[in-house]
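Peer 1: What follows is a predicted protein model with its sequence.
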Amino acid sequence: MSGYTEEEVRELLRVVGAFCEKEIAPRAREIDETGEFFPDLVRKGAEIGLQGLIFTEDLRIDPAGFAPAHETTELISSYSAAVALAFSVARLHGYLLARYAPEPVRDRWLPGLIDGTAFGAFALSEPHSGTDVRAGRTVARRTPGGDYLISGEKAWITQSPAADFAIVLTKLESADRDADTAAFVIPLDTPGVSVGRDEDMLGFRGMPMAGLSFDDCRVPAEWRLGVDGFRGMLEGLNLARLDAGCYGLGLLRGALRETGRYVRDRRAFGRPLAELQLVQEKLGRMYADYLAARELLRAGVASFAAGGGGDAHLISAAKMVATDAAMRHTVEAVQLHGGYGVHLHYDVQRMMRDAKITQIIDGTSEIHSLMLGRAAIRADWTAAGV
C-alpha cells in the first residue's frame, strides 16, 4: 500500500463508511426492489474520489491505489453489492483506457468515468460461448480505407443500457478459434450498434444489464486498444475477478453485521440467541472464512498492483474462495434469522441473492476450480514456491 499511509487509508474508509450510512443504506432496499439504476449515487461517490483511486492526476495508473480501492469495494458491498459494482466497473473500464487506449480515446472517456458523468461497459461474453472466451464469433474486418467493420453479439453486459461506450473483444478477419484478436472502444451511439432490453436479474438489482449487437458497425482504427485483444481483456478480467471477490467479501461482512445485530436482539427460550453455543459456532465459522478470504484477496490485489495482470492462479483462488464463502454464509444468515430471513425487508435475503451472482460472474466457481486443479497437477510440489 505504498503511497498511502495507514492514517490516510483509515480516513478514506471513514469517509466511505459515512457515505454508506448516509447515502447507500437508506436506498439499498429500494434499489433492489425497483431494479432502477442510481446515477446520482455514482456522481456522489465521484465527489469523494471513489472512481479515481487507481489513477494519477494525469490519468495514468497508480499502483498504490489498488489496495484502498478494493477495501472500499468490500465496505460498500456490505451495504449494497449493486452500488459497489457501479464504482468498481468504472475503475475497470478506466484501467483499460489508461493502460492501452490511444491518448485521444483515453482523454475522451476517462475523465467522465472518474467524475461519474460517463458510463462504460466491458463486452466480453457471447450468447453461445459464456466462459469459453476463445469461442467468440464477433469479428472485425479491415476495410480498404483502414477502418474496421464489426459484426457479432455480446451477452450479459453489465451497465450496457446506461453506458456511453463499450470496450469490445473481437476476432480479426475470421471467427476461427485461434484467430488474432483485438479490442475496440466503441461509443454506443455508433451506427450499427444496438443495445438489448435491460434484463431483470436475481441479484445485483439496480445495475442494468443487456446484450449488445453489432451489424457492420464501422469503427476507426484509432479506437483500437494497443494490446492483443484477448490478452488485454483477460487482464481486465483478472481485475474484475478481484472485484467480484470483494463483492463476496463485503456480502460476508454484511451478513456478519446484520446477523450479529439480530442474534443479540432476538430472544428464544428466555435468553438472547447470541448466548446459544450453536449460534456462536456458526458465526465463528462465518468470521473465520471472512478473515481467510480477506487475506487471500489482499494477496491477489497486491499481485495485480505489481503489474503483468497479476498472479492468475492466486486471483482465481481468491475469487472462488470469497464468493463461495459468501454464498454459504449468507444462506446461513438467512437460516439464523428464521422466518424473518425470508422477508424482503430483511437485508440478508438480498445478500444471499447477490452472493449467488458472485459465484457466476467473471468465471464460475467451477471454472476457477478446474483451472486451479490443472495447475495443481502440473505443479512441482518439491519446490519452495508453487
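Peer 2: Received it, and whenever you're ready, just let me know what you need. Everything quoted here is computed from the prediction, not taken from an experiment.

Peer 1: export stretch 152-159 as CSV, just CAs?
Peer 2: Output of stretch 152-159 as CSV, limited to C-alpha atoms (Å, rounded to 0.1, in the frame of the first residue of the first chain):
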residue,chain,number,x,y,z
GLY,A,152,-21.5,-10.1,-33.8
GLU,A,153,-23.3,-10.3,-30.5
LYS,A,154,-22.3,-9.8,-26.8
ALA,A,155,-24.4,-11.1,-23.9
TRP,A,156,-24.9,-10.2,-20.2
ILE,A,157,-23.0,-6.9,-20.5
THR,A,158,-23.2,-5.1,-17.2
GLN,A,159,-24.3,-1.4,-17.4
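
Peer 1: chain center to that stretch: distance?
Peer 2: For stretch 152-159, the separation from the chain centroid amounts to 15 Å (computed by Cα atoms, centre = their mean, to the nearest Å).

Peer 1: ok, the nearest residue to residue 36 once chain neighbours are set aside to residue 150 distance?
Peer 2: The spatial neighbour of residue 36 that comes closest, neighbours along the chain excluded (Cβ to Cβ, 6 or more residues apart in numbering), is residue 206 at 6.2 Å. Bear in mind the C-beta positions are built from the backbone N, C-alpha and C, glycine included. Computed as Cβ to Cβ, to the nearest Å, the residue 206 to residue 150 distance reads 30 Å.

Peer 1: same question, residue 47
Peer 2: Residue 47 is 36 Å from residue 150, where distance means Cβ to Cβ.

Peer 1: Could you report the neighbour count for the closest residue to residue 180 other than its chain neighbours?
Peer 2: Take residue 180 and drop its neighbours on the chain: the residue closest to it by Cβ to Cβ, 6+ apart is residue 172, 4.4 Å away. Neighbourhood size, residue 172 [other Cβ atoms under 10 Å]: 16.

Peer 1: Quick check: pLDDT value at residue 269.
Peer 2: Residue 269 carries a pLDDT value of 87.

Peer 1: My error: substitute residue 181 in the last question.
Peer 2: So, for residue 181, pLDDT stands at 97.

Peer 1: Residue 382 now?
Peer 2: Among the per-residue scores, residue 382 holds a pLDDT of 83.

Peer 1: ok so, going back, residue 47 and residue 150: which is more packed in?
Peer 2: Taking neighbours as other Cβ under 10 Å, residue 47 and residue 150 compare with residue 150 leading, 24 against 10.

Peer 1: any idea which element that one lies in?
Peer 2: Per DSSP states H and E: residue 150 is located in strand 148-158.

Peer 1: looking only at pLDDT, what's the mean for the helix or strand just after that strand?
Peer 2: Once the chain leaves strand 148-158, the next helix or strand it forms, by DSSP H and E, is strand 165-172. Mean pLDDT, strand 165-172: 98.

Peer 1: Now do strand 165-172: distance to the chain's middle.
Peer 2: Here the centre of strand 165-172 is set off from its chain's centre by 19 Å, with Cα atoms, centre = their mean.

Peer 1: Equivalent analysis for stretch 282-289, please.
Peer 2: With Cα atoms, centre = their mean as the basis, stretch 282-289 stands 24 Å off its chain's centre.

Peer 1: which stretches of the stretch 201-350 of the chain form strands?
Peer 2: Secondary structure of the stretch 201-350 of the chain (DSSP state E, counting those that start in this stretch): strands at 209-219, 267-268, 271-272.

Peer 1: What's the biggest helix in the protein, counting residues?
Peer 2: When the chain is parsed with DSSP state H, its longest helix is helix 229-265.

Peer 1: angle of that helix against strand 148-158?
Peer 2: 10 degrees (axes from the mean of the first three to the mean of the last three Cα atoms, to 10 degrees).

Peer 1: between helix 229-265 and strand 165-172, how many degrees?
Peer 2: Going by the same axes, to 10 degrees, helix 229-265 is angled at 130 degrees with respect to strand 165-172.

Peer 1: got the contact list for the residue nearest to residue 180?
Peer 2: By Cβ atoms under 8 Å, 6 or more residues apart in numbering, the contact list for residue 172 reads 139, 140, 141, 142, 179, 180, 181, 182, 229.

Peer 1: Distance of residue 103 relative to residue 60?
Peer 2: Residue 103 is 11 Å from residue 60, by Cβ to Cβ.

Peer 1: returning to that earlier point: compile the strands of the stretch 201-350 of the chain into CSV and extend it with columns for mean neighbour count and distance to residue 346.
Peer 2: Formatted as CSV, these follow (neighbours: other Cβ atoms under 10 Å; distance: least, Cβ to Cβ, whole Å):
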stretch, mean neighbour count, distance to residue 346
strand 209-219, 19, 25
strand 267-268, 12, 17
strand 271-272, 11, 18
